[in-house]
Each structure stands twice: as C-alpha cells, then as structure tokens.
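In: I'd like to go over a predicted model; first the sequence, then the structure.
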Amino acid sequence: MNNKTPSISSILDFTIENIISPLHYFSELKFCAINLNFLKIKNTIIRTFFNQLPKLLKLSTFKT
C-alpha cells in the first residue's frame with residue numbers, strides 16, 4: 001500500500017494540463033467569436049451603406 005502524498009510539482013503539472021490549458025483554449029475561442037461577431041456587424045453596416053448610397057445620391061442631386 002502506497003500512502004505517498006502528491007508533490008507540489010505534480011499538483012502544478014496536473015493543474016496546468018487539466019485546468020489552465022482548457023481555460024486558455026476557451027478564452028481564445030471566445031475572443032475569436034467576439035471578433036467574428038464584430039466583423040459581421042461591421043460588414044452589415046458597410047453593406048447597408050453601399051446599398052443605400054444610390055438613394056442618397058439621388059436625393060442629394062434633387063435638392064441642389
């Protein structure tokens with residue numbers, strides 16, 4: 001029967017491998033998701049602007 005207590009280094013290794021690494025991975029995924037969401041919003045705004053641009057130009061030519 002082995003009653004050996006785990007060493008600090010083995011506890012740290014376990015913590016780094018099984019807890020910190022997945023947290024880092026998921027934080028990177030969250031960062032990518034936020035960036036992709038921002039790009040989608042930005043592209044929608046740009047697309048809407050260019051879709052409305054002809055209407056805006058027509059309105060401005062009639063007012064002058």
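Out: Perfect, thanks for sending it. Numbering: from 1, shown residues only.
In: distance between the lowest-mean-pLDDT helix or strand in the chain and the chain's centre?
Out: Scoring the helices and strands of the chain by mean pLDDT, DSSP states H and E places helix 21-63 at the bottom, with a mean of 84. Centre-to-centre, helix 21-63 and its host chain are 14 Å apart (C-alpha atoms, centre = their mean, to the nearest Å).
In: what does stretch 13-20 give?
Out: Relative to the chain's own centre, stretch 13-20 is displaced by 24 Å; criterion: C-alpha atoms, centre = their mean.
In: Now do the end-to-end distance for that stretch.
Out: With C-alpha to C-alpha, to the nearest Å as the measure, stretch 13-20 spans 10 Å from end to end.
In: tell me which residues in it are buried?
Out: By 16 or more other C-beta atoms under 10 Å, stretch 13-20 has no buried positions at all. For the C-beta atoms, the positions are set from N, CA and C on the backbone; glycine is no exception.
In: can you check stretch 40-54 too?
Out: Residues of stretch 40-54 include none that count as buried (16+ other C-beta under 10 Å).
In: Excluding its own residues, what touches it? List them.
Out: Stretch 40-54 is contacted from outside by no residue at all, using C-beta atoms under 8 Å, 6 or more residues apart in numbering.
In: Now it - C-alpha only, CSV.
Out: Extracted in CSV, the C-alpha atoms of stretch 40-54 (Å, rounded to 0.1, in the frame of the first residue of the first chain):
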residue,chain,number,x,y,z
LYS,A,40,-20.3,40.6,-39.2
ILE,A,41,-21.8,43.8,-37.7
LYS,A,42,-19.2,46.0,-39.5
ASN,A,43,-19.9,44.2,-42.8
THR,A,44,-23.6,44.6,-42.4
ILE,A,45,-23.2,48.4,-41.7
ILE,A,46,-20.9,48.8,-44.8
ARG,A,47,-23.2,46.7,-47.0
THR,A,48,-26.3,48.7,-45.9
PHE,A,49,-24.4,52.0,-46.5
PHE,A,50,-23.5,51.0,-50.1
ASN,A,51,-27.0,49.6,-50.8
GLN,A,52,-28.4,52.9,-49.7
LEU,A,53,-25.8,55.1,-51.4
PRO,A,54,-27.6,55.4,-54.8
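In: Stretch 11-20: end-to-end distance?
Out: 12 Å.
In: That'll do, ta.
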